[in-house]
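Participant: What would the 3D arrangement of this be:
(one chain, ligands or ions: 1)
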Amino acid sequence: MKPPRSYLASILGNRCPSCREGRMFKVPNPYWPRTINQMHPSCPVCGENFKREPGFYFGAAYVNYAMTVALWVAVLVALYVFGALGWIEFTGMFEQPDTVIVSGIVTLLVLLPLIQRLSRSLWIHLFVRFKGTKAKQ
Ligand SMILES: [Zn+2]
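Facilitator: Have a look, this model is predicted:
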């Protein structure tokens, strides 16, 4: 059976890893503050259990951390490429450390809900295989 969307599209779209159709989160908008982490207990389409075991999403914190580090590196590279960041050769320091910190924090705050959901989605996709849409449990 052909999946309705690719593995990557399923992760990025926060879809059920089992059927790749059902939404993992109750509210699709990640910027709604009270519902950032509210997930369906099981997939509304196929019934896959999203609450696999107590503390299952603790591992998503490691994914979240890696994404946050990657984001900071991306901010540094963007600042350097667009010329907003100078490099002091003899000290190995940035000329404007406050620019780096403010840019990184603002970018992180803006993207935090997306990273939060994406890390959970990626984490469950690592452990649940595609089973098709008719795997109602
Ligand atoms: Zn499903």
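
Participant: quick one: buried residues of stretch 37-53?
Facilitator: Neighbour-count burial for stretch 37-53, with 16 or more other C-beta atoms under 10 Å as criterion, is recorded at 39, 40, 42, 43, 45, 46, 48, 50. Heads up, the C-betas are built off the backbone N, CA and C, glycines and all.

Participant: Okay, residue 67 and the ion: tell me how far apart.
Facilitator: Separation of residue 67 from the ion (C-beta to the ion, to the nearest Å) stands at 24 Å.

Participant: Does the residue lying closest to that residue once chain neighbours are set aside lie in a helix or a strand, and which?
Facilitator: Spatial nearest neighbour of residue 67, excluding adjacent residues (C-beta to C-beta, 6 or more residues apart in numbering): residue 115 at 4.9 Å. Here residue 115 sits within helix 97-127, counting by DSSP states H and E.

Participant: Can that helix be said to contact the ion?
Facilitator: No - using C-beta under 5 Å from the ion, no contact is recorded between helix 97-127 and the ion, whose separation bottoms out at 10.8 Å.

Participant: can you tell me which residues contact the residue positioned nearest the centre of the chain?
Facilitator: Among the residues of the chain, the one closest to the centroid is residue 118, at 2.0 Å (C-alpha atoms, centre = their mean). Counting by C-beta atoms under 8 Å, 6 or more residues apart in numbering, residue 118 touches 11, 12, 14, 67.

Participant: Filter these down to just the ones in helices.
Facilitator: 11, 12, 67 (DSSP state H).

Participant: What sits closest to residue 27 if chain neighbours are left out?
Facilitator: Using C-beta to C-beta, 6+ apart, the closest residue to residue 27 is residue 35 (4.1 Å).

Participant: I'd say the one you found and residue 113 touch.
Facilitator: No - if you go by C-beta atoms under 8 Å, residue 35 and residue 113 don't touch, sitting 9.8 Å apart.

Participant: Thank you, goodbye.
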